[in-house]
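Student: structure for this input, please:
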Amino acid sequence: MPELVLDNISGRVQLSLMQMRRPRAGHRRSPSALVGTLALLAVGSTAVASLGAPLLPMIERVYGVSLAASQWALTVTLLVGGVATPLMGRLGDGRLRCLTIIVTVVVMIAGCVLSALPTGFFGFLVGRALQGAGLGLVPLATAVARDGVGEERSRSTIALIGITTAAGIGVGYPFAGLLAQYAGLSAPFCFVAALSAFALVAAATVLPESPDRPAKVDALGVALLGLGITGLLLALTEGPAWGWAATKTIVTATGSVVMLAAWAGWEFRAGSPLIELRLLRRTPVLAANTTAFLVSLGFYPLLSLVVRFVQTPAAAGYGFGASVIVAGLMLTPFSLASFAASKVAARAAQCATPEAIVAANCIALIASTLLFFLAHGSYWEIVAAMALSGFGVGCIFAVNPLQIADGVPAHETGSAISFYQLVRTVAYSFGSALSATVLVLYIPRGASFPMATGYSAAAAICTGLLVIALVVSVLFAVLNRRAD
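Tutor: Sure, this is the predicted structure:
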């Protein structure tokens, strides 16, 4: 019944979109235009994420909120993205694909406009929540790439989309800082709204027709997954204030685990599951998702830690008192190294398995967090740490989507990639909350900034998580070699 309602509601909208996209007589859509549009959608998704970490200290000042509260400007976007992504991926496997992309970009634009308006901190957070829908554009773009650009360009386009989401972070952060520094906090959101409007026009004009398959929505699966993820994030974020042993914290965390367990059980029984978890039985798919979760959880906190660290006044005993622009520029090496890594990963894939590539680059990520842990007394040390992190992330995220695309049927691509995106986004959410939680624990009573040891503790935790990722990736590499 839900899918029939959705199909009927979308009928007229789909007809209008087909009229916009119908090529003129004798005219064929350019594959390059489609590839460019898919990359633009991925850039828009990344731009939304870029509006978080570099602006956190400015959000604290503008709205007069605490460190923990300001972190929600990043976490709420990731949370909504985590819940929306699998839903959008499932819709993207059917005849609602184009409509889903168009509606998502419209919602993203509305969120940017709301965050740019003087509506107070609550209105700002609502806008950031709406922007989270844009994080689901990546699996949709990947599904279109597999079906619509031709077999010879499909793999390169999927890899391009994957690397854009990583490399774009380092470009978006300093640019967002530049706009905020000289034009105010609303300027970056206005820019992303304009960029998204351009992407909306391109998508409505260039996207090919959706596949003629029914769009089925697992409403119960969406509800259980959303409640489970939200509860875990709430317990992690509010744990320091509630008390880790408090009844409220324990009940929230336990209830969330129960919800997620119920969701997993339901997905195996549902006729049209939100995510086909049985695909995880395939070793390449399981390897990509497991390592992506651990890698994302380990590296992502470093981004917000670096931004906060360099903007901390030197009077706190550490930090450089840098502007938001300089803080953003600290992440540019991350972007440049990610772009370079995509070339290296493409060549390495010709003589090594994806699992081996992931394992090797976990070492680079461990080196980056150790460098920040041991040496962060000057800009160049932080730049080196971010370059190492960008290179490792770029290589891993370039090969993960290919592992998944090679391991699932074509009609399950959107769902499989959406689960991968969900895994990454949930890991980002937990990483964001984790970094704030650790820093809050190291803020002395009556002080405004955490102690320097707070950053060291957070870096040590990240290093431990990446060591686990290395061990797991090595195990998958060994299993893959034995299978051959």
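Student: remind me which helix or strand I363 belongs to.
Tutor: Taking DSSP states H and E as the definition, one finds I363 inside helix 354-374.
Student: for N289, same thing?
Tutor: Short version, using DSSP H and E: N289 is in helix 283-311.
Student: pull out the buried positions in that helix.
Tutor: Across helix 283-311, burial judged by 16 or more other Cβ atoms under 10 Å covers 284-311. The C-beta positions use only the backbone N, C-alpha and C, and glycine is treated the same way.
Student: past that helix, which element shows up next along the chain?
Tutor: Moving toward the C-terminus from helix 283-311, the next helix or strand (DSSP H and E) is helix 324-329.
Student: dump the C-alpha coordinates for that following helix into PDB.
Tutor: Output of helix 324-329 as PDB, limited to C-alpha atoms (Å, rounded to 0.1, in the frame of the first residue of the first chain):
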ATOM      1  CA  VAL A 324      38.200  30.300  11.300                       C
ATOM      2  CA  ILE A 325      39.900  30.700   7.800                       C
ATOM      3  CA  VAL A 326      43.200  29.400   9.100                       C
ATOM      4  CA  ALA A 327      41.400  26.600  10.900                       C
ATOM      5  CA  GLY A 328      39.700  25.600   7.700                       C
ATOM      6  CA  LEU A 329      43.000  25.700   5.800                       C
END
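Student: what about P444, which SS state?
Tutor: Per DSSP: H, G, I helix; E, B strand; the rest coil, the secondary structure class of P444 is coil.
Student: any idea how far L439 is from the residue nearest to it when sequence neighbours are not counted?
Tutor: Spatial nearest neighbour of P444, excluding adjacent residues (Cβ to Cβ, 6 or more residues apart in numbering): M451 at 6.6 Å. As judged by Cβ to Cβ, to the nearest Å, M451 and L439 stand 9 Å apart.
Student: what about these two, which has more around it?
Tutor: Per other Cβ atoms under 10 Å, whichever of M451 and L439 has more neighbours is L439, with 25 against 17.
Student: okay, and that one sits in which element?
Tutor: Assigned by DSSP H and E, L439 belongs to helix 413-441.
Student: repeat that for L74.
Tutor: Going by DSSP H and E, L74 is in helix 67-92.
Student: how far away from the center of its chain is that helix?
Tutor: In terms of Cα atoms, centre = their mean, to the nearest Å, the centre of helix 67-92 is set 8 Å apart from its chain centre.
Student: domains of this protein?
Tutor: Following automatic domain parsing, one gets these domains for the chain: 30-208+274-483, 219-273.
Student: need the ones you listed in a markdown table with mean pLDDT, can you?
Tutor: Shown next, in a markdown table, are the domains of the chain (pLDDT from 0 to 100):
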| stretch | mean pLDDT |
| --- | --- |
| domain 30-208+274-483 | 84 |
| domain 219-273 | 87 |
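Student: comparing those, which comes out most buried?
Tutor: Among those, judged by mean count of other Cβ atoms under 10 Å, the one packed with the most neighbours on average is domain 30-208+274-483 (a mean of 21).
Student: centre-most residue in the chain?
Tutor: T425 (4.4 Å; Cα atoms, centre = their mean).
Student: looks like that one contacts P86 (just checking).
Tutor: No. Here T425 does not reach P86: they are 9.8 Å apart, not a contact under Cβ atoms under 8 Å.
Student: what's the overlap in contacts for those two?
Tutor: With Cβ atoms under 8 Å, 6 or more residues apart in numbering applied, the contact sets of T425 and P86 do not overlap.
Student: could you look up the SS state of L274?
Tutor: Look at L274: counting by three-state DSSP, its state is coil.
Student: what residues are up against L135?
Tutor: So L135 contacts S45, V48, A49, T77, L78, V80, G81, G82, A84, T85, Q421, T425 (Cβ under 8 Å, 6+ apart).
Student: how far away is it from L260?
Tutor: Relative to L260, and taking Cβ to Cβ, L135 is found at 19 Å.
Student: and for C98?
Tutor: In this view, C98 and L260 are 31 Å apart by Cβ to Cβ.
Student: also C395?
Tutor: Using Cβ to Cβ, C395 is found at 30 Å from L260.
Student: same thing with A447?
Tutor: Counting by Cβ to Cβ, the gap from A447 to L260 is 36 Å.
Student: also Q403?
Tutor: Counting by Cβ to Cβ, the gap from Q403 to L260 is 24 Å.
Student: now S435. Nearest residue, chain neighbours left out?
Tutor: Nearest non-adjacent residue to S435, counting by Cβ to Cβ, 6+ apart: P301, 3.7 Å away.
Student: sorry, wrong one. I was asking about P354.
Tutor: Using Cβ to Cβ, 6+ apart, the closest residue to P354 is V399 (4.2 Å).
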